[in-house]
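J.: Predicted model follows, preceded by the sequence.
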Amino acid sequence: MTNSINEPAILNLPSQQLLIEGASCASCVNKIEAALSRVNGVEKAEMNLAQRTVSVDGSATTQSLIDAIRRVGYDAQSLKDKSDDDVLDEKDLADRAYYRRLMRDTFIALGLGVPLMIYGLFIGEMTVSTTPERIAWLVVGILTFVVMATSGRHFYIGGWKSILSHTANMDTLIMLGTGAAWIYSMVVVFVPALLPEMARHVYFEATAMIIGLINLGLALEVKARGRTSEAIKRLIGLQAKTARIVRDDKEIDIAIEDVLVDDLVRIRPGDKIPVDGIVVEGRTAMDESMLTGEPMPIEKSIGDSVATGTLNKTGSILFRATRVGKDTALAQIIYMVKHAQNSKPPIGRLADVIAGYFVPTIMIIAIVSGLIWLNIGPEPTIAFAVVSATTVLIIACPCALGLATPMSVMVGVGKAAEAGVLIRNGEALQTASKITAMVLDKTGTITLGAPKVTDVVLANAKSDEALLQMAASLESVSEHPLALAIVETAEERGVTLAKVENFNAIAGHGIEGVVDGKHLYFGNERLMRAQGIEIDAFLDKAQSLASEAKTPMFMAADGVLAGIIAVADPIKDDSISAIKRLQDNGLRVIMLTGDNRATAAAVAKKVGITEFYAEVLPQDKTDKIVALQMENEIVGMSGDGINDAPALAMANVGFAIGTGTDVAIESADVTLMRGSLHGLADAIAVSKATLRNVKQNLFGAFIYNAAGVPVAAGILYPFFGLLLSPIIAGAAMAFSSLTVVMNANRLRFFDAKNN
Amino acid sequence: MIVINIAGVVLIGLIIWWFWLYKPTQIAVCEGDLLVTVENGSYSPTHITLASNTPATLRFLRKDASPCAEIVMIPELDIDRTLPLNETISIDLPALESGEYPFHCQMQMYRGLLSVE
């Protein structure tokens, strides 16, 4: 194999599709095709006029094709799926442009509003009595209108359009509030005689200040919002841009969009894995922490799978691509996290219902407030009425209410993903925060799920090898997790397996079959009793094995006990500390296992679990969950996601323990991407923190509106003579939604491991 | 004074009617494929009817830079899509049963209704 570095990518490239704009006749087709065929690297360009698409074969870049089309007077865009990275870059650009526009609007509006406010506060009266004053205020009124038409334009267009479509939003409130203040002021300027002398006050500064402050609030919110999606950006950033593939004995660098399934990909030390695959050459250690949260590098050799986005540490490998593009585990994780970030926990639904009625209700309150001031308020009633109605419209903030839940969920779900915990949706997030009992499957959850043969005890069998041969032959057709351990041990000792006939698995008991003409039964004590096989002489031995957390299995040949093989499944290193963490958080931790009682008791004792159920048949796990739920427990169940699927589904929250990066995305409410049980405590901690954050936000938003609106309407005036200025209302409103986003952002610093 | 009070009450009645009671007559009918523009704080068209048991495609074009417009959701169908600025995003709807399927932004400030008849 040759190593030709930096060879241009010219082989077997798929064709590109472009959508052409502005082409309408057959002559356009010729012009465009000719322009494209002159581009370097284009082999063939064919246009379909009916669909306005052109398909181009060859190695030319998309941008060079679009440029060529633009040079002959048309426009084009690529029809290829954009990568998440491109979408993110475009979003960043768009957000930045939007931020700049809002800041420009802020400066324009405050440029007029601040001097006016200073004048009103310290220099002169904002009233109209003489003709020169009228002229001066008319000029200010026109300037304010300019501010409204530039900085405030988007509020007025948005507000008006939403009224026309029978919906109302924040823009509607701002439009009505600032519009009312401006119109009233213009009436004062043009026809002061209509109003009593005390009421001839202008509010141009309020209009300009409100537009400026709300634009400022929106701009800061755009900035703060960018930070809420940091976690997803980090995941998307894991994607490599190019892959070095081997085609026709040459190594070439190609864009990852062009990697096909079954391509051979070369990875050197320090490279990121560009697509999912299976190692076919070499061995190495991979850092998978970015996906699973598992800090230790994982050894990989031929036949092991490697996942997109993980980092090659030491060796050089060649792997065959198995999943590319949107099918990779990373792409699915990104999809799942995005989807979960957009979903809402049930706690947010009340806010949704309120949001639907909010704006029209505020409009009604503003009118009622104005009428009350007009009818029973002090002089000048009309001025008070306008100020109170305007302030009510401006202070009310539907955005804070609407943002409260989604912002926290966005940050919380992203935070969980960083710790290798994939939360399916908002509902799972909310329920996970309320779990009171956690059921753990033993095998593969508390233990490694990779058992080893520890003891061979002979009864009637001639030798260890003879006993192992019987057991391994029988187990070679079984799918039981312990089977592999026995077959491996037999192979290590050079035992040749024999053919099995009449194989039968007896659920919850063991297996039977005919090997070398002997009828064999292999399984637990219950199986032996059921078959009437005499085992009493070996019971003490079996019990002492079980008390060491080993699983003794009896082998009977033609009705006589041949021996016992004991298998043990080592407990995961951090199971003990993880279970203690769950218990310290006040959770009732329960272990379920199909294993015998003595082994279960030994494992439970080692990991500090007092409540456990042994010899539970797979179908009975669900019943145990239901029984716990009948005791009013909110039950979390964790298992490997395959055998335990029904129990996972029955539990209030099912946690699938993933094996590395091979995520069981479809099966559970929460998927833990690393095997450690600490993921359970992390998931619960993040869920609790997120729910706490949502509650703070919702409470804040409710209280803000529930207190702000009556105060704006003037409820404090009869007692303290206090009526809010519309400018204060504008500032409060602008910063209330910013506060919600900033509070959600606090979650970014939450450390699940230390909670 | 009485006139102003009456005007106020009438205005309140108008608000209730316009935003809550009014049933729109101007409805866009989606036959297979329909473009919905997200602009100036609202969806246009806002009300869409669709024949039942017929798959259809809604294409959303977001021209509104506000981050509020970024996500469109149809909760009943468990659909949520991010809308990049100035780009058309197609949402394929399965054959639906008769009923009303509201769609909105994440905060429910932009709202529309899909009626399947």
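T.: Ah, there it is. Numbering: from 1, shown residues only, chains lettered A, B, ... in the order given.
J.: Now the element after the least confident helix or strand in chain B by mean pLDDT, going C-ward?
T.: For chain B, using mean pLDDT, DSSP states H and E, the weakest element among its helices and strands is strand B:28-30, scoring a mean of 70. Going down the chain from strand B:28-30, the next helix or strand is strand B:33-39, by DSSP states H and E.
J.: List the buried residues of that next one.
T.: Residues of strand B:33-39 classed as buried by neighbour count (16 or more other C-beta atoms under 10 Å in any protein chain shown): B:Leu34, B:Val36, B:Thr37, B:Val38, B:Glu39. C-beta coordinates here come from the backbone N, C-alpha and C atoms, glycine included.
J.: and A:Ile20, how many neighbours?
T.: 22 (other C-beta atoms under 10 Å in any protein chain shown).
J.: ok, it - contacts?
T.: By C-beta atoms under 8 Å, 6 or more residues apart in numbering or on different chains, the residues touching A:Ile20 are A:Cys28, A:Ile32, A:Met47, A:Arg52, A:Thr53, A:Val54, A:Ile69, A:Tyr74, A:Asp75, A:Ala76.
J.: does it have beta-bridge partners, and which?
T.: A:Ala76 (DSSP bridges).
J.: Tell me the pLDDT of the residue of the stretch 501-650 of chain A found nearest chain B.
T.: At 17.6 Å from chain B, A:Ala649 is the closest residue in the stretch 501-650 of chain A, using C-beta to the nearest C-beta. pLDDT, A:Ala649: 85.
J.: helix, strand or coil for it?
T.: helix (DSSP: H, G, I helix; E, B strand; the rest coil).
J.: Quick check: it vs A:Asp669, distance?
T.: 9 Å (C-beta to C-beta, to the nearest Å).
J.: phi, psi of A:Gly120?
T.: Per-residue torsions, A:Gly120: phi -60, psi -40 (degrees, to the nearest 10).
J.: Make sure it is actually in contact with A:Ala206.
T.: No - with contact defined as C-beta atoms under 8 Å, A:Gly120 does not reach A:Ala206; the gap is 9.6 Å.
J.: Of those two, which one has the most company?
T.: More neighbours surround A:Ala206 than the other of A:Gly120 and A:Ala206, with 32 against 19 (other C-beta under 10 Å).
J.: what helices or strands is the helix or strand harbouring the more buried one leaning on?
T.: Per DSSP H and E, A:Ala206 falls inside helix A:204-228. For helix A:204-228, the packing partners by 3 or more C-beta pairs under 8 Å, 6 or more residues apart in numbering or on different chains; DSSP states H and E come out as helix A:84-118, helix A:131-150, helix A:170-190, helix A:398-418, helix A:726-746.
J.: nearest spatial neighbour of whichever residue of the stretch 351-500 of chain A sits closest to chain B, skipping sequence neighbours?
T.: Nearest residue of the stretch 351-500 of chain A to chain B (C-beta to the nearest C-beta) works out as A:Gly402 at 2.8 Å. Excluding the flanking residues, the one nearest A:Gly402 by C-beta to C-beta, 6 or more residues apart in numbering or on different chains is B:Met107, at 2.8 Å.
J.: how near is that neighbour to B:Leu96?
T.: Taken as C-beta to C-beta, the span from B:Met107 to B:Leu96 is 25 Å.
J.: Of those two, which one has the most company?
T.: Neighbours were counted for B:Met107 and for B:Leu96 using other C-beta under 10 Å; B:Met107 has more, 25 against 18.
J.: hang on, the more buried one is in a helix, isn't it?
T.: No - counting by three-state DSSP, B:Met107 falls outside a helix, being coil.
J.: Enumerate the residues of chain B near chain A.
T.: B:1, B:4-5, B:8, B:11-12, B:15-16, B:18-20, B:22, B:24, B:39-44, B:46, B:64-68, B:71, B:73, B:80, B:82, B:84-85, B:106-111 (C-beta under 8 Å from any C-beta of the partner chain).
J.: So which of these are in helices?
T.: Counted as lying in helices by DSSP state H, out of these, are B:Ile4, B:Asn5, B:Gly8, B:Leu11, B:Ile12, B:Ile15, B:Ile16.
J.: so which of those residues is the most crowded?
T.: Going by other C-beta under 10 Å, B:Gly8 tops these with 20 neighbours.
J.: Quick check: that residue touching A:Leu371?
T.: Yes - under the criterion of C-beta under 8 Å, B:Gly8 makes contact with A:Leu371 at 4.6 Å.
J.: list the contacts for A:Lys344?
T.: Counting by C-beta under 8 Å, 6+ apart, A:Lys344 has contacts A:Asp352, A:Thr405, A:Pro406, A:Val409, A:Gly426.
J.: how about the residues you listed, which pair is most distant?
T.: For these, the maximum inter-member distance is 12.9 Å, found between A:Asp352 and A:Val409 (C-beta to C-beta).
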